[in-house]
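[1] model the following, please.
(one chain, ligands or ions: 2)
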Amino acid sequence: MKMIVAIIRTEKLSDVLEVLYRANVRGLTVTQVQGHGGEIGNVETYRGVTVKMELHEKTRIEIGVSDAFAERTARAIMDSARTGEVGDGKVFVLPVDKVFRIRTGETDEEAVTPPGT
Ligand SMILES: Nc1ncnc2c1ncn2[C@@H]1O[C@H](COP(=O)(O)OP(=O)(O)OP(=O)(O)O)[C@@H](O)[C@H]1O
Ligand SMILES: [Mg+2]
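    Ligands and ions are numbered 1, 2, ... in the order given. The predicted structure follows:
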């Protein structure tokens with residue numbers, strides 16, 4: 001299993017969710033976060049210490065998927081979240097050791113497959 005962690009533009013969330021739904025991806029968590037990428041933000045100097053101050057509001061999506069779904073899930077996010085401008089975000093693919101569906105006790109691939117499918 002993999003955990004897809006995507007940091008995207010907040011205004012792209014509804015587009016991304018629609019594309020994920022069409023790609024049969026079910027089960028995800030969305031969080032509002034703050035971050036910065038590679039660009040230089042506001043740099044302020046205080047007593048000789050230079051601090052990068054600027055954080056941007058972004059949206060984080062976490063999706064636990066089977067290995068077979070990882071690539072298509074990442075690509076669906078990239079295709080729907082891209083504007084081509086700096087700040088479009090990142091997709092991280094993390095290994096997952098174990099998944100449990102709490103209600104049924106199912107594990108791993110079964111636990112990330114929608115119930116009743
Ligand atoms: N290496 C990283 N680790 C964790 N979060 C990151 C990382 N890089 C970017 N992010 C998150 O993604 C958001 C958007 O990053 P951003 O798209 O600006 O990355 P970038 O590397 O600067 O690429 P670009 O040149 O396209 O802007 C950041 O505000 C931060 O929340
Ligand atoms: Mg950037």
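[2] could you use CA atoms for every contact and neighbour count after this?
    Fine.
[3] send the alpha carbons of the lengthiest strand in the chain over as CSV?
    Identified as the longest strand of the chain according to DSSP state E is strand 56-65. Provided in CSV are the C-alpha atoms of strand 56-65 (Å, rounded to 0.1, in the frame of the first residue of the first chain):
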residue,chain,number,x,y,z
HIS,A,56,1.1,30.3,1.8
GLU,A,57,-2.3,28.7,2.5
LYS,A,58,-2.4,25.3,0.8
THR,A,59,-4.6,22.2,0.9
ARG,A,60,-3.2,18.8,1.8
ILE,A,61,-4.9,15.6,0.6
GLU,A,62,-4.0,12.2,2.0
ILE,A,63,-5.1,9.1,0.2
GLY,A,64,-4.3,5.5,1.2
VAL,A,65,-4.3,3.3,-1.9
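[4] would you check how far apart the residue in the chain sticking out farthest from the centre and ligand 1 are?
    Centroid-distance maximum for the chain: residue 47 at 37.8 Å, with C-alpha atoms, centre = their mean. Here residue 47 is placed at a distance of 27 Å from ligand 1 (C-alpha to the nearest ligand atom, to the nearest Å).
[5] near ligand 1 at all, the helix ranked longest in the chain?
    Assignment by DSSP state H gives helix 67-81 as the longest helix of the chain. No: using C-alpha under 6 Å from any ligand atom, helix 67-81 never reaches ligand 1; the gap is at least 10.4 Å.
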